[in-house]
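Participant: Fold the following and give me the result.
(one chain, ligands or ions: 1)
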Amino acid sequence: MIASAPAKVILFGEHAVVYGEPAIAVAIDMRTYVHAEKSEEYSVNGYPMNSRYHAYIKNAIDLCWEGEPLSIRTKSQIPSASGMGSSASITVATLTALLAMKKEIDEEKIAKMGFEVEYRTQGRASPIDTSTVTHGQGILVHKVKRENYLWKVEKNGVVWYIHHVKIPSLRLVVGFSGIKGSTREMVEKVRRFYSWNSFARDVIREIGRITLEALSPLQDEDYERIGELMTQDNKLLTILGVSHPMLKKMINVAMKHSYGAKLTGAGGGGSIIALTDEQDEVARAIEEVGGRAYKVSISKEGFRVENHF
Ligand code: MEV
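Facilitator: You can find the predicted model right below:
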């Protein structure tokens, strides 16, 4: 069985979403492919399956597979630890392949299991990444149920309602710093700050406010305002301590040709996104300061069963 899932970028609300604040993310047109077949023993890309190196795949198998051992092969267009959701993508592609083998494919089920796998592997997580790469297009996560509601995820007293959100055709450039960011470490860093500092809690709430404010400019395709709000969100994320000098450098050069720019995902390395009409100029500027640029567009499709690997 072969399955795939896209990458994602968070437009607004990373980190704050872990504490129940809203977040908006889109699936982008880079994918991870997983090939799963029954075998004598568990292996990943020809190596014995290992809970350290193949944590997401192993946790996905532990959660939903009771059959014979599996040989898993993976192929990904998404750089790992880049803030583009490579772990959510491999998790959801693996779950899709396994559930397809069991003839139990269901969008909500994949998204919820995907969240569970990320939660177990990272120690703490929100459902934004896994829901986005499952559903495709745009996702709004919010503690209040709104229009275009899809499903609900609950963990340790936090409730997230997942919604489809219509996203205009945004021209985005992702700039990958080449520095791997650890989501687990960044989420833990923010947790420490959040638990002892009321200022950090105010910053998290402000990120939530900006995210909700972005909904109407997104609907109206008001790129200037979306860009301004992205830049404001980035300032708050920087205060939370999840930026990195290389991200700041890429944001500075991207801003010369963009409506706005921000770090995306967990930070501490990883990537930035810039909203722009001049994708080529932004991509060139990012590469000139040593980043790797990807001109991306939104992926309409989330998880998918494939015919070819
Ligand atoms: C990572 O892409 C997004 C974070 O908010 C963590 C999460 O929501 O699980 C940093």
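
Participant: Please identify the residue most distant from the middle of the chain.
Facilitator: Taking Cα atoms, centre = their mean as the measure, the residue most remote from the mean C-alpha position of the chain is residue 40, 33.7 Å away.

Participant: Enumerate every residue touching residue 138.
Facilitator: Neighbour list for residue 138: 24, 25, 26, 27, 132, 164, 165, 166, 167, 298 [criterion: Cβ atoms under 8 Å, 6 or more residues apart in numbering]. In short, each C-beta sits where N, CA and C put it, glycine included.

Participant: picking up where we left off before, pretty sure the residue farthest from the centre of the chain is touching residue 48, no?
Facilitator: No. Because the distance of 11.3 Å does not satisfy Cβ atoms under 8 Å, residue 40 is recorded as not touching residue 48.

Participant: hey, what's in contact with both of these two?
Facilitator: Joint contacts of residue 40 and residue 48 (Cβ under 8 Å, 6+ apart) do not exist.

Participant: List buried residues within the contacts of residue 138.
Facilitator: Judged by neighbour count, with 16 or more other Cβ atoms under 10 Å as the criterion, the buried members of the contacts of residue 138 are 24, 25, 26, 27, 132, 164, 165, 167, 298.

Participant: could you list every residue that touches the first one?
Facilitator: For residue 24, the residues meeting the contact criterion (Cβ under 8 Å, 6+ apart) are 10-13, 138-141, 165, 211, 214-215, 218.

Participant: Just read off the phi/psi values of residue 222.
Facilitator: Note on residue 222: its backbone torsions stand at phi -90, psi 90 [degrees, to the nearest 10].

Participant: And for residue 129?
Facilitator: In terms of degrees, to the nearest 10, the main-chain angles of residue 129 are phi -70, psi -50.

Participant: Map the structural domains onto the sequence of this protein.
Facilitator: 2-167, 171-297 (automatic domain parsing).

Participant: Can you redo those as CSV, where the extra columns are mean pLDDT?
Facilitator: Supplementary listing: the domains of the chain in CSV, determined by pLDDT from 0 to 100:
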stretch, mean pLDDT
domain 2-167, 96
domain 171-297, 97
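
Participant: Let me have the ones you listed in a markdown table, extended by distance to the ligand.
Facilitator: Putting the domains of the chain into a markdown table (distance: least, Cβ to the nearest ligand atom, whole Å) gives the following:
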| stretch | distance to the ligand |
| --- | --- |
| domain 2-167 | 3 |
| domain 171-297 | 4 |
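
Participant: I'd like to know which of the ones you listed is closest to residue 307.
Facilitator: Between residue 307 and the domains of the chain, the tightest spacing by Cβ to Cβ is seen for domain 2-167, at 7.0 Å.

Participant: just how off-centre is that closest one within its chain?
Facilitator: Distance of domain 2-167 from the chain centroid (Cα atoms, centre = their mean, to the nearest Å) equals 9 Å.

Participant: just the strands in the protein please.
Facilitator: Taking DSSP state E as the criterion, the chain contains strands spanning 2-12, 23-38, 43-44, 47-48, 70-76, 138-142, 149-155, 158-164, 172-176, 258-264, 271-276, 292-296, 304-306.

Participant: Quick check: buried residues in the longest one?
Facilitator: The one in question is strand 23-38. Of the residues in strand 23-38, those scored as buried under the neighbour-count criterion (16+ other Cβ under 10 Å) are 23-28, 30-36.

Participant: Let's see it as CSV, backbone CA atoms only.
Facilitator: Taking C-alpha atoms only, strand 23-38 is exported to CSV below (Å, rounded to 0.1, in the frame of the first residue of the first chain):
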residue,chain,number,x,y,z
ALA,A,23,-4.0,29.0,14.8
ILE,A,24,-4.3,29.0,11.0
ALA,A,25,-2.2,26.7,8.8
VAL,A,26,-2.2,25.7,5.2
ALA,A,27,-1.1,22.5,3.4
ILE,A,28,1.6,23.1,0.8
ASP,A,29,2.6,21.2,-2.3
MET,A,30,5.5,19.2,-1.1
ARG,A,31,4.7,15.6,0.0
THR,A,32,6.0,12.6,1.9
TYR,A,33,5.3,9.1,0.4
VAL,A,34,5.1,5.9,2.4
HIS,A,35,5.1,2.4,1.0
ALA,A,36,4.0,-0.3,3.5
GLU,A,37,4.0,-4.1,2.9
LYS,A,38,3.8,-7.2,5.0
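
Participant: Report the inter-axis angle for it versus strand 292-296.
Facilitator: Angle, strand 23-38 to strand 292-296, by axes from the mean of the first three to the mean of the last three Cα atoms, to 10 degrees: 100 degrees.
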